[in-house]
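Q: Structure, please.
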Amino acid sequence: MPLWDSAEILQRQWVLAGSLVVSGARVILACRDLEKAGKAAKEIRKASGNGNVVVQKLDLASLQSVRSFANKITETETRLDILINNAGIMRCPKWKTEDGFEMQFGVNHLGHFLLTNLLLDLLKKSAPSRIVTVSSLAHIRGKINFDDINLDNCYDPAVSYEQSKLANVLFTRELAKKLKDTGVTANCLHPGVIQTEIIRHLYPTLSIWLKILLVPISILTFKSVQQGAQTSIYCAVSEELDNVSGLYFSDCAVKATAPQGRDDDAAKRLWELSEKMVGLESEGQRLHVPES
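A: Take a look at the predicted model:
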């Protein structure tokens, strides 16, 4: 049973879900907006002929929502074969999550971090299973600001987004190590520059000339939603990746990350910081790392 995380990019989620529903899979659409998700689920059922599409409430900007959703899944579902962490917010103003975290880091990384950890027992029980996290090429400009993780001293929307996408890469790298020999794999990916609503916070900040220039550029170079979903689908179901873990993909192929995306010390430090921020450390739910 595949599971999708709460998604700003509901259009891409529709394609992802639809691709597996066609093959007969049971899919849970985990979304903030239940009205939009309900409409998407109805369209997927109609287009695929498979009625096994479920909608559940999940807001990655709320740790309480993440815990509530994870509890419901672990109590009602007998297996979880694929978890796709697909939520995303890009270059928004200086907003805070319900728990006081900077919004982009909170949604793009911390929400996924907590959700994944809370579902690990079910994923292990369902092995072989997969965790796929949507990152971005923007990670190449990213830096983890350990001394000011919420960027309270100097907030910049681009810097925040890049930090959150690098966090996705480092999270996947450390997670893959922790899941060694469990039958659960973890990979991340760059979906491409896609024609979705994720740039809605960026667009108003552009000059009129850049907006005019962006129209033909987007038509010529941006991927369609269908094209942008292909690498996520590949990482989720390709038989070639049955035993592949800890890698970064783009255009359905392994790609090298930026050097900071291969920093094991930073990955471990980020994991430990994230545990503290979401409260896992105090709950004794730390994931054991096998000895190398």
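Q: Tell me how far Ala25 lies from Gly261.
A: Applying C-beta to C-beta, to the nearest Å, the value for Ala25 to Gly261 is 31 Å. For the C-beta atoms, the positions are set from N, CA and C on the backbone; glycine is no exception.
Q: okay, those two: which has more neighbours?
A: It is Gly261, of Ala25 and Gly261, that has more neighbours when counted by other C-beta atoms under 10 Å, with 23 against 19.
Q: What helix or strand is Met277 located in?
A: helix 264-278 (DSSP states H and E).
Q: which residues sit against that helix?
A: With C-beta atoms under 8 Å, 6 or more residues apart in numbering as the test, helix 264-278 has contacts from 63, 101, 109-110, 113-114, 144, 146, 149, 167, 170-171, 173-174, 260, 280-282, 286.
Q: One more pass at 6 Å, please.
A: With contact meaning C-beta atoms under 6 Å, 6 or more residues apart in numbering, helix 264-278 is reached by Leu63, Leu110, Phe113, Leu114, Ile144, Leu170, Arg173, Glu174, Glu281.
Q: what sits against the last one?
A: Right, Glu281. Residues in contact with Glu281 (C-beta under 6 Å, 6+ apart) are Glu275.
Q: Start at 38, not 1
A: Fine by me, first position is 38 from now on; the one you just mentioned is Glu318.
Q: State the pLDDT value of it.
A: Glu318 is assigned 74 on the pLDDT scale.
Q: Same question for Glu45.
A: The confidence metric pLDDT takes the value 37 at Glu45.
Q: can you check Ser85 too?
A: pLDDT for Ser85: 80.
Q: Pull up the gap between it and Ala77, please.
A: Distance from Ser85 to Ala77, by C-beta to C-beta: 12 Å.
Q: I'd like to know how many residues surround Lys94.
A: Lys94 has 15 neighbours, counted by other C-beta under 10 Å.
Q: hey, where'd the helices end up in the chain?
A: Ranges of helices in the chain, per DSSP state H, are 47-59, 71-85, 100-113, 140-142, 149-162, 194-215, 245-258, 262-265, 267-274, 301-315.
Q: just for the stretch 138-287 of the chain, where's the confidence low?
A: 229-265 (pLDDT under 70).
Q: rerun at 90
A: Residues of the stretch 138-287 of the chain that meet the criterion pLDDT under 90 lie in 229-267.
Q: For Lys315, grab the count of nearby residues.
A: For residue 315 the amino acid is Val, not Lys. 24.
Q: can you count the residues close to the residue nearest to it when sequence neighbours are not counted?
A: Of all residues not flanking Val315 in the chain, Leu151 sits nearest, at 4.3 Å (C-beta to C-beta, 6 or more residues apart in numbering). By other C-beta under 10 Å, 22 other residues sit near Leu151.
Q: And Ala78, how close does it get to Thr268?
A: 23 Å.
Q: returning to that earlier point: chain center to the helix holding Met314, what's the gap?
A: Its chain's C-alpha centre and that of helix 301-315 lie 17 Å apart, by C-alpha atoms, centre = their mean, to the nearest Å.
Q: Okay, angle between that helix and helix 194-215 too, please.
A: Per axes from the mean of the first three to the mean of the last three C-alpha atoms, to 10 degrees, the angle that helix 301-315 makes with helix 194-215 is 100 degrees.
Q: Helix 301-315 to helix 149-162, inter-axis angle?
A: 100 degrees.
Q: Over helix 301-315, what's the mean pLDDT, rounded is fine.
A: Averaged across helix 301-315, pLDDT comes to 98.
Q: Nearest residue to Phe106 in space, please, no chain neighbours.
A: Leu95 (4.4 Å).
Q: Around that neighbour, how many other residues sit close by?
A: Using other C-beta under 10 Å, Leu95 is surrounded by 28 other residues.
Q: what's the answer for Asn205, then?
A: The local packing of Asn205 (other C-beta under 10 Å) involves 27 other residues.
Q: what's near enough to touch Asn154?
A: Leu317.
Q: so how far is Leu216 from it?
A: Taking C-beta to C-beta, one finds Asn154 at 11 Å from Leu216.
Q: got it, and Leu157?
A: Counting by C-beta to C-beta - Leu157 and Leu216 are separated by 8 Å.
Q: ok, now Ala78?
A: 30 Å.
Q: now do Ser197
A: Counting by C-beta to C-beta, the gap from Ser197 to Leu216 is 28 Å.
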